[in-house]
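Trainee: Got a predicted structure plus its sequence, pasted below:
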Amino acid sequence: MKITILSWILRIGVAVILSQTLYFKFTGVKESIYIFTALGVEPYGRIITGISELITAILILIPRTTLLGALLGCGIMVGAILSHLFVLGIEVEGDGGTLFALANITLLSCLTLIFLNKDKLPNLLKLKR
């Protein structure tokens, strides 16, 4: 029971964090354009990242696909964290490090979800008939 509650808290938290950034990516807010321009992938990187985060948020909320969503979320967040560490810096456009902190929280949440769902790893790629 406690694991189920923890899982739902983490899943909802990740989905909320990923979903709240979609507005900035899809509407082309100046901070978002700055980030993806600095990374050299504006506008396509911004749009593809937004779509990937939307798919991840949906997958993570569906119990049957939580593991896949958490794996995708880890990949996206590792990319975000590395971008902060090697290109953008911890603080971006005066945000006080908020985006970096949210990326770390999301990564840790996704890693925990993978651990909680580790028994499903062998079946991840098997198709049901």
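Mentor: Looks like it came in fine. Residues are numbered from 1 along each chain as shown.
Trainee: From here on, just use CA atoms for contacts and neighbour counts.
Mentor: Will do.
Trainee: Look at Val7 and report its pLDDT.
Mentor: Rather than Val, residue 7 is Ser. With respect to pLDDT, Ser7 scores 96.
Trainee: actually Lys128, not the one I typed
Mentor: Reported pLDDT at Lys128 in the predicted model: 59.
Trainee: With Pro122 instead?
Mentor: Pro122 is assigned 81 on the pLDDT scale.
Trainee: Leu88 touches Ile35, doesn't it?
Mentor: Yes - under the contact definition of CA atoms under 8 Å, Leu88 touches Ile35, with a separation of 7.2 Å.
Trainee: Mean confidence (pLDDT) on the helix or strand where Leu108 lies, please.
Mentor: Element membership for Leu108, per DSSP states H and E: helix 98-116. With pLDDT averaged residue by residue, helix 98-116 scores 98.
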